[in-house]
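1. give me a model of this one.
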Amino acid sequence: MLFGFLLSWKSKVRDWSNNVTIGLVAFSAGVAIGYVDSRPSWDDTDITAGSLFICAFLLSLLKLRLAWLVGLAVGIPVIAFNILVHGRFGSIAALAVSGPGAAVGVVAGRMLDRDNALRAA
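-> Here you go, the predicted structure:
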């Protein structure tokens, strides 16, 4: 009985640490993208939007249940940098890019899981 409890506890701790890792990586990516986007010489909105979409897509593909957190963690630092540095709220569109990126990652992850299940059967 104790052994079963310890095994379930270990898997819960491992799952929690994976969730925290995905969240920290998503936030770090958002901070990096937000920093570059807030520089005065940076004027490539399409590259910023593509970076947000790809980061949210890849990270939500790794952990499907955390897609909502990934979308927020990638998009919010971009908004924060632009509000703090420039006083502009126009970068709220970052959530309109990172959110769908995370959603597409979930759809792709479910399709990959389904394909793997069909091949295994």
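2. report pLDDT for the residue most central in space within the chain.
-> The centroid of the chain falls nearest to Val70 when counting by Cα atoms, centre = their mean (2.7 Å). The per-residue pLDDT reported for Val70 equals 94.
3. now do the contacts for it.
-> Counting by Cβ atoms under 8 Å, 6 or more residues apart in numbering, Val70 touches 22-23, 26, 56, 59-60, 63, 98, 102, 105. C-betas here are computed from N, CA, C, even on glycine.
4. which of the residues you listed scores worst on pLDDT?
-> Within those, lowest confidence goes to Lys63 (86).
5. let me know the helix or strand that the closest residue to that one other than its chain neighbours is in.
-> Of all residues not flanking Lys63 in the chain, Ile22 sits nearest, at 4.8 Å (Cβ to Cβ, 6 or more residues apart in numbering). Following DSSP states H and E, one finds Ile22 within helix 2-38.
6. check which helices and strands the helix or strand following that helix sits against.
-> Scanning forward in sequence from helix 2-38 by DSSP H and E, the next helix or strand is helix 45-62. Contacts defined by 3 or more Cβ pairs under 8 Å, 6 or more residues apart in numbering; DSSP states H and E place helix 45-62 against helix 2-38, helix 67-86, helix 93-120.
7. for Gly50, find the nearest of those helices.
-> Using Cβ to Cβ as the measure, helix 93-120 is the one of the helices and strands packed on helix 45-62 that comes nearest Gly50, at 8.4 Å.
8. any idea how far that closest one is from the chain center?
-> Mean C-alpha position of helix 93-120 versus that of the full chain (Cα atoms, centre = their mean, to the nearest Å) differs by 12 Å.
9. what is that helix packed up against?
-> So helix 93-120, by 3+ Cβ pairs under 8 Å, 6+ apart, packs with helix 45-62, helix 67-86.
10. give me the angle between it and helix 67-86.
-> Per axes from the mean of the first three to the mean of the last three Cα atoms, to 10 degrees, the angle that helix 93-120 makes with helix 67-86 is 160 degrees.
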